[in-house]
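K.L.:
Can you look at this prediction? I've put the sequence above it.
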Amino acid sequence: MLFGGETSNEGTIVYDSHRNEWTHKKTSPQPEFRSGGNMAYDEARRSHVLFGSQFNNDAHTWVYNLDANKWTDLKPPLLPPTNKNDAVLAYDSIHRVIIAIVKVSEGKEDNAKSHLETWIFDAGANRWTRMNPVREPDPSGNRARNLVFAPEINAFLLENRTHPPQGPAEQQVWAYRVGPAAPATPSVPPPSSPRIVEDIVVSVLSARRVELSWKTSADATVTGYQVERALVEVATEDQLRRLKRQTEPLPTPSVGAITKVGPFKRLTSVALKKPEFTDATVDLEKLQTLAEPPIFERKFNTEQFDPMGKPYRFAVFAYRVRAVNARGEESGASAAEFTIPSPPQWLFAKEEGAACRLKWAANPEKSLRGYRIYRMTGRYDKDPIRRLSSQPIAATTFHDPAAGSSTSRYYVVAVDALEQEGFPTSPVWCNREWKQFYAPFISEWHQ
């Protein structure tokens, strides 16, 4: 469950991990949007507790109940310091309380001095209590703390980053116990519907033949699968001004961004027994636009989008799969996969003097023509990105003898049977700035 965030007006958003679904919840009243502050889930009361803020004085303790879809200001009789307290929260599942580490500041701007305080919130009693441990964690600035509870050792663990003038520049880990361990409370029983399907592979064999495959569900109750498809609208690298400023578009430009995803419609009338499906009703050469409201939309303004740029030459579709058990209950949808190749995985780089060597894992799609490699000379969005392989290469390695000694980033994309470029890899670095700081944690092959 998420709420607000800096510059956000999204409100309350809930993710169902079992069904793989995000839902916007419309609630009134609700807390003010904020930067900083923190939430913790109180398992015993089945509610989310929100407290604290980085930039304002929010004198409230909010609780959200998902079943009722309702925010409540609990208005406890006592509150920890609330002015720009940048609180971090975590829930103690053994003692059924929430701990908050709050920053208390005195003075203004550069002259401000701060210290940390440990407070406990008992949602059942609607009571905040300052704990006054023998020693509080050392002072640290905003966004410098992470707090978790480890039930197996009955302890809160605080990662704390201190820095001058409050103290030495160091990374600290603090531990805190509310009290002795007690018997654990029973956990919530798992849902009866199947787990979602994972690792969908969409292979475009031709404009009128798309094959899907996926892992057999690890859920023993699953007896079949249903497949659904949605029309997708895209913008090309020639239509997006930033992309074509950085890289000369291909003569037939590739997909630069997903702009709309239409509603998913079922393709299978009965559940499939095997983890595979062939879509022979698709026609990627028949261009289409959405006639129904999209379930996803990304808009570009006139500074970002060039209406004179070449549009995409193929229709694009997304596929999802749902598992079905013997009772006819369906899982949530799998992740959507598209009729352009997925991003290659496990891309690594290795410096070899003035050269750079790359390697990556082969894509799972059938009938790929190969891969293209791109190099960004620099590390900012304004820097040029050069296409190093005009034609797709079949290998899953690449040697760039002209990498040089300056900082650069590399991307790899797969190319399918229709010469469609897919999603790019996450980038890897060559001769990264400050690389001496990473040396203790990486090998000669790195990302």
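P.N.:
Perfect, thanks for sending it.
K.L.:
Neighbours of residue 112, how many?
P.N.:
Using other C-beta atoms under 10 Å, the number of residues around residue 112 comes to 13. For every residue, glycine as well, the C-beta is placed using N, CA and C.
K.L.:
Leaving out sequence neighbours, find the closest residue to it.
P.N.:
Once flanking residues are discounted, residue 112 sits nearest to residue 105: 4.9 Å by C-beta to C-beta, 6 or more residues apart in numbering.
K.L.:
Model confidence for that neighbour, exactly?
P.N.:
pLDDT recorded at residue 105 is 88.
K.L.:
what does the one 3 residues further on give?
P.N.:
The predicted local confidence for residue 108 comes out at a pLDDT of 75.
K.L.:
ok, which stretches of this structure are helices?
P.N.:
Listed in chain order, the helices of the chain (DSSP state H) span 241-246, 435-438.
K.L.:
need the least confident one among these, by mean pLDDT.
P.N.:
Between those, the one with the least mean pLDDT is helix 435-438; it has a mean of 76.
K.L.:
What are the buried residues along that one?
P.N.:
Buried residues in helix 435-438, defined by neighbour count with 16 or more other C-beta atoms under 10 Å: none.
K.L.:
Keeping just the C-alphas, turn it into PDB.
P.N.:
This file holds the C-alpha atoms of helix 435-438, laid out as PDB (Å, rounded to 0.1, in the frame of the first residue of the first chain):
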ATOM      1  CA  LYS A 435      34.900   3.400  -9.700                       C
ATOM      2  CA  GLN A 436      37.600   3.100  -7.000                       C
ATOM      3  CA  PHE A 437      34.800   3.200  -4.500                       C
ATOM      4  CA  TYR A 438      33.100   0.100  -6.000                       C
END
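K.L.:
which residues are in contact with that helix?
P.N.:
Residues outside helix 435-438 that contact it (C-beta atoms under 8 Å, 6 or more residues apart in numbering): 429, 432, 446.
K.L.:
just stretch 123-135 next, same as before
P.N.:
Contacts of stretch 123-135 (C-beta under 8 Å, 6+ apart): 42, 44-45, 47, 49, 61, 63, 74, 76-80, 96-98, 117-122, 176, 178.
K.L.:
do that again at 10 Å, thanks
P.N.:
Here stretch 123-135 makes contact (C-beta atoms under 10 Å, 6 or more residues apart in numbering) with 40, 42, 44-45, 47, 49, 51, 61, 63, 74-81, 91, 96-100, 102, 117-122, 174, 176-178.
K.L.:
What's the mean pLDDT across it?
P.N.:
The average of the pLDDT scores along stretch 123-135 is 96.
K.L.:
now for that stretch, what's the gap between its first and last residues?
P.N.:
One end of stretch 123-135 sits 25 Å from the other (C-alpha to C-alpha, to the nearest Å).
K.L.:
From the chain's centroid, how far away is it?
P.N.:
Between the centre of stretch 123-135 and the centre of its chain there are 34 Å (C-alpha atoms, centre = their mean, to the nearest Å).
K.L.:
Mind listing what's buried along it?
P.N.:
123, 128.
K.L.:
Start at 52, not 1
P.N.:
In the new count, where the first residue is 52, that last one comes out as stretch 174-186.
K.L.:
can you tell me which of the helices of the chain comes nearest to residue 219?
P.N.:
Residue 219 lies closest, by C-beta to C-beta, to one member of the helices of the chain: helix 486-489, at 17.8 Å.
K.L.:
helices or strands next to the longest strand anywhere in the chain in the packing?
P.N.:
Longest strand in the chain by number of residues (criterion: DSSP state E): strand 273-287. Other helices and strands packing on strand 273-287, by 3 or more C-beta pairs under 10 Å, 6 or more residues apart in numbering; DSSP states H and E, are strand 260-264, helix 292-297, strand 306-312, strand 316-317, strand 327-330, strand 347-348, strand 367-376, strand 388-389.
K.L.:
What average pLDDT does it get?
P.N.:
Mean pLDDT, strand 273-287: 98.
K.L.:
Could the C-alpha coordinates of it be exported in CSV?
P.N.:
Written as CSV, here are the backbone C-alpha positions of strand 273-287 (Å, rounded to 0.1, in the frame of the first residue of the first chain):
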residue,chain,number,x,y,z
VAL,A,273,-3.6,-25.3,-11.0
THR,A,274,-5.3,-27.3,-13.7
GLY,A,275,-5.2,-24.9,-16.7
TYR,A,276,-4.5,-21.5,-18.1
GLN,A,277,-6.4,-18.6,-19.8
VAL,A,278,-4.7,-16.2,-22.3
GLU,A,279,-5.8,-12.6,-22.9
ARG,A,280,-4.6,-9.9,-25.3
ALA,A,281,-4.7,-6.1,-25.5
LEU,A,282,-4.0,-3.6,-28.3
VAL,A,283,-1.1,-1.3,-27.6
GLU,A,284,-0.3,2.1,-29.0
VAL,A,285,3.3,3.3,-29.2
ALA,A,286,5.5,6.3,-30.1
THR,A,287,8.6,5.7,-32.2
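K.L.:
Next, the buried residues of it.
P.N.:
Going by neighbour count (16+ other C-beta under 10 Å), the buried part of strand 273-287 is 273-287.
K.L.:
again, but for stretch 435-451
P.N.:
436, 439-440, 443-444, 447, 449, 451.
K.L.:
likewise stretch 426-433?
P.N.:
In stretch 426-433, counting by 16+ other C-beta under 10 Å, buried: 426-427.
K.L.:
Endpoints of it, how far apart?
P.N.:
End-to-end span of stretch 426-433 (C-alpha to C-alpha): 13 Å.
K.L.:
before we move on, back to that, which one of the buried residues of strand 273-287 is nearest residue 303?
P.N.:
residue 287 (9.0 Å).
K.L.:
Apart from its neighbours in sequence, what residue is nearest the closest one?
P.N.:
Using C-beta to C-beta, 6+ apart, the closest residue to residue 287 is residue 304 (4.0 Å).
K.L.:
how about the one you found, what does it touch?
P.N.:
Contact partners of residue 304, counting by C-beta under 10 Å, 6+ apart, are 286-291, 294-295, 360-364, 472.
K.L.:
Residue ranges in the stretch 352-498 of the chain under the pLDDT threshold?
P.N.:
Counting by pLDDT under 70, the stretch 352-498 of the chain shows no low-confidence range.
K.L.:
would you list every one of the strands in it?
P.N.:
Taking DSSP state E, counting those that start in this stretch, the strands of the stretch 352-498 of the chain run over residues 367-376, 388-389, 399-403, 406-410, 421-428, 436-438, 448-451, 459-466, 479-481.
K.L.:
so which of these comes closest to residue 210?
P.N.:
strand 479-481 (25.2 Å).
K.L.:
Okay, now the sheet partners of the closest one, with direction.
P.N.:
Paired strands of strand 479-481, with direction, are strand 459-466 (antiparallel) (DSSP bridges).
K.L.:
Reformat the helices and strands packed on strand 273-287 into CSV and put distance to residue 209 next to each item.
P.N.:
As requested, those are exported to CSV (distance: least, C-beta to C-beta, whole Å):
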stretch, distance to residue 209
strand 260-264, 45
helix 292-297, 40
strand 306-312, 40
strand 316-317, 49
strand 327-330, 49
strand 347-348, 38
strand 367-376, 40
strand 388-389, 40
